[in-house]
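J.: pasted the sequence and its predicted model underneath.
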Amino acid sequence: MTETNCIEYKQSMPKDLDMVEQLGSGVPRILRVYSKECFVFGDSFTRMVFPLEGSEKTVEKTVEKTVEKIIKAIKENPEITINQLSKITGLTRRGVEWQIAKLKEQNKLKRIGPDRGGYWEVINEK
């Protein structure tokens, strides 16, 4: 790129070209509350990621409730299917499979027999 076809960009250019109604104060106001680490700059975009206070606790509670729903449903019907668990929990089939895998890893759940014709066994915690 040569100097003759370069245009110096100045902050007021969008306003000067009637591309915006007014220049905002949003970014400086955001920076007063959040750190600069919240910004992600790409070649053609700027993304702001707002941290949510307490979101980790909410996720933990949601996962706990989901696990409780799965265990309760299995205790009530050991032959329950993944599709039925999906409807009960509101998770996708893959989400239920992931939760079940975690429960198996934690030795809280065991599959007895084949996928068709088998049943689930909840392993009692002591």
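T.: Good, I have the coordinates. Numbering: from 1, shown residues only.

J.: and for residue 121, nearest residue in space, chain neighbours not counted?
T.: Closest residue to residue 121 apart from its sequence neighbours, by CB to CB, 6 or more residues apart in numbering: residue 110 at 4.6 Å. Any C-beta I mention is one placed from the backbone N, CA and C, and that applies to glycine too.

J.: how close does that neighbour sit to residue 88?
T.: 20 Å (CB to CB, to the nearest Å).

J.: who's more crowded, these two?
T.: Each of residue 110 and residue 88 has its neighbours counted (other CB atoms under 10 Å); residue 88 has more, 16 against 12.

J.: part of a helix, is the more buried one?
T.: Yes. Per DSSP: H, G, I helix; E, B strand; the rest coil, residue 88 lies within a helix segment.

J.: pLDDT wise, what is the closest residue to it other than its chain neighbours at?
T.: Excluding its sequence neighbours, the residue lying closest to residue 88 (CB to CB, 6+ apart) is residue 73, at 5.2 Å. pLDDT, residue 73: 94.

J.: where's residue 73, which helix or strand?
T.: Here residue 73 sits within helix 55-76, counting by DSSP states H and E.

J.: show me which positions of that helix end up buried.
T.: For helix 55-76, the neighbour count (16 or more other CB atoms under 10 Å) marks 66, 67, 69, 70, 71, 73, 74 as buried.

J.: out of these, what pair is the most spread apart?
T.: 66 and 74 (12.7 Å; CB to CB).

J.: between those two, what contacts are shared?
T.: Taking CB atoms under 8 Å, 6 or more residues apart in numbering as the criterion, residue 66 and residue 74 do not both touch any residue.

J.: which residue ranges of this protein form strands?
T.: 39-41, 46-48, 109-112, 119-122 (DSSP state E).

J.: now for the last one, which elements pack on it?
T.: In terms of contact count using 3 or more CB pairs under 8 Å, 6 or more residues apart in numbering; DSSP states H and E, strand 119-122 is assigned the packing partners helix 55-76, strand 109-112.

J.: may I ask which helix or strand of this structure has the lowest mean pLDDT?
T.: helix 13-16 (a mean of 63; mean pLDDT, DSSP states H and E).

J.: outline the domain layout of this structure.
T.: 11-48, 55-122 (automatic domain parsing).
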